[in-house]
Structure formats: C-alpha cells, structure tokens
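In: Dropping a prediction and its sequence here:
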Amino acid sequence: MHVDTGNTAWLLLSSALVLLMTPGLALFYGGLNRSKGTLNMMMMSFSCIGLISVLWALYGWTLAFGTNSSTGFNKILGSFTQYLGTGTSWIGEEWKVAGTGTGIPTYVVMAFQMMFAIITVALISGSLSDRLKFGGWVLFAIGWFTIVYVPVAHWIWGGGWIGANLGALDFAGGTAVHINAGSAALGVALVLGKRIGWPRENMRPHNVPFVALGAGLLWFGWFGFNAGSELTADTVASAAFVNTQLATAAALCGWCAVEWIRDGKPTLVGASSGAVAGLVAITPACGFIPPLASILLGIVAGAVCALAVSLKYRFGFDDSLDVVGVHFVGGWIGSLWIGLFATSGVNAVVTHKSLFFGGSLDQLWRQFVASASVTVYSFAIAAILALILKAVKVLRVSEDAEVGGIDISDHGETAYDFQPVAGSSGGAFAIAGIGGTKADADGKADASQKVAG
Amino acid sequence: MKLVTAVIKPYQLDAVKEALHALGVTGLTVSEVQGYGRQKGHTEVYRGAEYTVEFLPKIKVEVVTDEIDVDKIVDAVVTSARTGKIGDGKVWVTAVEEVVRVRTGERGLDAL
C-alpha cells in the first residue's frame, strides 16, 4: 500500500492522545469522589484500559468495523471473521472511507478506535461510585462492551443502519460514546441504588485540584478524539480542532455564569465540569458546523448541563458524579445541534439540510431518531445486565464494606496515608505509622500483615 | 500548677507563640482541632449542591505553668490571639496535680 505519512502520523498521535483521556477521566472522577472510594473509582477507568484493549483486538474491531458479507446483517453487526484476532494477514491493508483510500494502515485505525472503546466503557463508572463490587464492574464492562458498544459503533461508524441507512451524523462520538455511556450509567445506577446516606450526607469532592488536572488532560486528549476522527490531516480536521477549542471554552464560561448568577460564586469544579460538558457537546458536531455555531453550542451546553446535574436530586437517582447530567445531556445537545447548524460548507459529507443552513428539519429528525435509538438500547441492556449481576449477588458491596470504604474492601489499599476528619494534615501520626502495619525490626512482617511471594 | 488551654484561629498561632516566648514560657503543645462556637461553620457549593461545613479548623495551644504566672499567660494569649472578629476562640484554665519530666524523672515545678 501507499502510506500517506502525514495522515498516518496524525492518526498515530491522535490514538495516543485519546488513550491519555482515560487516565485523565480517572483523575477527574477520582477527585470528584469521596476519598474512601477514590482508588476504586480510578481503577474502574484503569481496568478498562487493560480489559477493553485486549477484547477490542480479539473480537471488538472486526464486529464493529469489519463488513459482513450479508448486506442485511451488516446493518446490525460487522464481520465475524474479517479481522478476527487482529492477525497479521491484513497488516499491509489501507483503510478506505467510502471507497476512497486514506493512506493510513488499517492497523492504525484499529488502534485509534480501540481508545474510543476504552473510554466509553470507563465513562459509565462515574454513576456507580463507592458501592459497585469491582468483580461486578469487570463483568459489566465485558458484557456492555460486547452487547452494546460494539454493535452501536457498527451502526454509527462501521456501515450499520444509523450511519449508512438513516443518514444521522456523529463526527466523533456524541451518540456512539456519550449518549451511549450516559444512558447506560443511568440504567445501572437505577438498579444499583443510592449510596448509603445520599443525598442527606456530605459527599463533596475530595480533591478539586485532581478534578481540574483530569479535566485538563481530557481537554488535551480530546483534540485527538475530535480532530483525529477525520482520520486524515485535512481542512475538516482543522475545523474540528478549532470548533473543539471554541465550544469547550464557551461551555466553561457558560457553566461558571450559571454558578455566578445562581450561587453567587463561580467554582473550579464548575469550570472543569463546564469544559467537559463543552467537549462532550462539540464531539458529534465538531466536523460539521461553523465556529460561531460551536461557540453558541458551548454556551448552551455549559449552562444547560450546569442546571441538568441538579435533576438527580429532584428525581432521586444517585448518578454519583453526574454522567447523565454531563455526558447524556451534553451528548444529546451536540447531536441535535448537527440538525440545526450542519453545513456542507464545512464538510462535504453533509448532504441533508439543517435548520439554519437550508431551513429544513431533514437532518434534525435523523439526529433525533439516532440519539433516541441508542438511548433506549443502551439503557435497556445496561439495566438488564445490572439485574443479572444483582440476581447472582455480584452487584453491590455489603453495607459494612460501603461504610468502611470500597477501596479497602475490594482493593485492600487506601489512597492516602492518613485520613483526617476534615482536611488537616497529620504529621505526627504519619511519622508514627499509625493507620498501617509496619515490619518488625528484624524485617519480618507482623502476623497481621500478609506478604505475597 | 495550672494548665492553660487556648483554642485559637490557626493564623494567630505565630503571634501567640511569640507572646508566650516573650514571657519566658519554655514549652507548649499545639494540635490541630476542629469545632465551632458562635461563628458556626460555612457552606460550600459543588455542582449546585450546597454542603454545610460545620466544624472549622482551629489550633489548640496547651501550656502547663506555675500558678503565679497564670494571669500573665492568659492575658498574653488573649491579646495576641485577638482579631476582634467572630471566631477568635476561647482560653480556659484547669488545675494540674502532677507533672513528671520523662527523661529525668523530676517532678512538680522542676519538671516544667
């Protein structure tokens, strides 16, 4: 094959950028969580990097992005055999988009899409903090990835019915990633139930600088997610890049404006959350709409998501870290925005008219049907999976474990050397080693301490 | 012998320490504590949800002293810890029956 070094280099780099988003998400969620469950929260993200990478190479990629020999069946699922096991027979294959070669090896596209699958599963974990058994999470992640993410990615990007037949657009994953994960997060959280003490008890974020650091890493990596989704390094990629920055910046302002007006003070948690809401909202639309529409999208998404995160208190569901309020709501806004502002002036693949570029609802209804379909499918399967896990008693940790902290019960480790009542440091206790077992002078461990190996 | 205990604003610790040093106080113990008096706590807002922080960080200073010096020490602490705003803290005095210096075994005033 002829390798276009520019395109290939850009997509290799983008793949690494998208991978970085998942550790960023771990920090973002970990900081928002209470300290006694922060490691479990971060482990739910890190475990996806381990688990989903392997499953993607084994069967995810071929089922999502392979082409089934039966045209009818290909609307639902890709090929069982084309790329099975990610063998070396197609290492020299060039990836084609709508029959046109991109100059990029298929291997690179496989790696790029692997990173999307990882973070989509990890996103769900935000609604499940402090109470889902880690074993239950692993089983859920495998099940949801296989039954939901893989087919939905095929429907939207792999030649399935949403992209190829319905004609709905999703540039980088508003429907496939954010609506998908947000809807699943709600389904599992409803089956899982509320954290003990919620919403009466104080469950404020335990490390706000982590939240900001995580948001920053997400923002940085998201350029690979969005601009990389063009695959090739071209004018559409440049529009996606600019739109990503503008919408995110505007959403940061929008969220803070709501806080300033409603609560009297803008917060760093709000600025970080606003940025993430903007990134989510621009994701489906970044390659289809002009910059001014992106700024407007950002302001709307930032403000609406800032208000949407309060819905859980009104309806009484414990979406712990607001996956629904940010990813589900933000994903929907961005997906519908395509129906309002998509134009072939930005991207030639826009063939249906949008409301403000053509005065038609032709694109908008397609966006609605696609978003609603993924919402219903993902919610239903996620809830069913959670019900099965509940039936075999691997869903929720015991009350003692939850009160004592899932970090200790499910991982046997704690995030911090010393946990004071409310935020002060404990120098003397740390020096004395209080809170942990220490080895005896002769180097042997205490009876209470197990040593592996 | 008396034990003078003061709960003060964290930021006032340096001033209190210097005032006691100027009086010739040779040792004191400080600890980080939390609590509230008339000041009460404050509220924080995260993603629109309001949290009440009831216990505020304070510093507890403890000095064991000869009875003769008690009034001077209490006055020095009160003067140096005062900002005039709500939340300045409290000082109280209790009787101490015995003091022993761990290193030498000296007892009573000799141990101070």
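Out: Arrived safely, thanks for sending. Numbers count the residues shown, from 1 in each chain, chains lettered A, B, ... in the order given.

In: from here on, contacts and neighbour counts on C-alpha atoms
Out: Fine.

In: burial count for residue 17?
Out: Because you didn't say which chain, this covers chain A. As a burial measure, residue A:17 scores 23 neighbours (other CA atoms under 10 Å in any protein chain shown).

In: I was after chain B.
Out: Neighbours of residue B:17 using other CA under 10 Å come to 19.

In: same check, this time on residue B:72
Out: By other CA under 10 Å, the residues close to residue B:72 number 12.

In: Kindly report the same for residue A:14.
Out: Other residues close to residue A:14 by other CA under 10 Å number 26.

In: got it, and the one 4 residues further on?
Out: Burial of residue A:18, expressed as a neighbour count using other CA under 10 Å, amounts to 28.

In: Kindly provide the distance from the nearest residue to residue A:85 once chain neighbours are set aside to residue A:199.
Out: Once flanking residues are discounted, residue A:85 sits nearest to residue A:58: 4.1 Å by CA to CA, 6 or more residues apart in numbering or on different chains. As for residue A:58, its distance to residue A:199 is 42 Å (criterion: CA to CA, to the nearest Å).

In: Over to residue B:52?
Out: Taken as CA to CA, the span from residue B:52 to residue A:199 is 13 Å.

In: ok, now residue A:192?
Out: Between residue A:192 and residue A:199 the distance, using CA to CA, works out to 15 Å.

In: Show me where chain B has its helices.
Out: In chain B, the segments counted as helices under DSSP state H are B:13-22, B:70-81.

In: of all these, which lies closest to chain A?
Out: Closest approach to chain A among the helices of chain B (CA to the nearest CA): helix B:13-22, 15.4 Å.

In: What pairs with the strand ranked longest in chain B, parallel or antiparallel?
Out: In chain B, with assignment by DSSP state E, the single longest strand is strand B:56-65. In the sheet, strand B:56-65 lines up against strand B:2-8 (antiparallel), strand B:29-35 (antiparallel) (DSSP bridges).

In: ok, residues contacting the first one?
Out: Surrounding strand B:2-8, the residues in contact under the criterion CA atoms under 8 Å, 6 or more residues apart in numbering or on different chains are B:58-67, B:70, B:73-74, B:77, B:81, B:88-96.

In: Can you tell me which residues in chain B are near chain A?
Out: B:32, B:45, B:46, B:47, B:48, B:49, B:51, B:52, B:57 (CA under 8 Å from any CA of the partner chain).

In: so how far is the helix or strand of chain B with the lowest mean pLDDT off the chain centroid?
Out: One helix or strand of chain B scores below all others by mean pLDDT, DSSP states H and E: strand B:49-53, with a mean of 84. Distance, stretch centre to chain centre, for strand B:49-53: 28 Å (CA atoms, centre = their mean, to the nearest Å).

In: Please apply the same query to stretch B:64-73.
Out: 14 Å.

In: Look at that stretch and report the distance between its end residues.
Out: One end of stretch B:64-73 to the other measures 10 Å (CA to CA).

In: hey, which of the strands paired with strand B:56-65 is tucked in deepest?
Out: strand B:2-8 (a mean of 21; mean count of other CA atoms under 10 Å in any protein chain shown).

In: What mean pLDDT does that one get?
Out: Strand B:2-8 shows a mean pLDDT of 96.

In: hmm, back to that, among the contacts of strand B:2-8, which ones are buried?
Out: Using 16 or more other CA atoms under 10 Å in any protein chain shown as the burial test, the contacts of strand B:2-8 include B:58-65, B:70, B:73-74, B:77, B:81, B:88-89, B:91, B:93 as buried.

In: who's more crowded, residue B:52 and residue A:199?
Out: Using other CA under 10 Å, the more surrounded residue of residue B:52 and residue A:199 is residue A:199, with 16 against 13.

In: Got the phi and psi for the closest residue to the more buried one other than its chain neighbours?
Out: With CA to CA, 6+ apart as the criterion, residue A:199 has its nearest non-adjacent residue at 7.5 Å, and that residue is residue A:313. Main-chain torsions, residue A:313, degrees, to the nearest 10: phi -70, psi -40.
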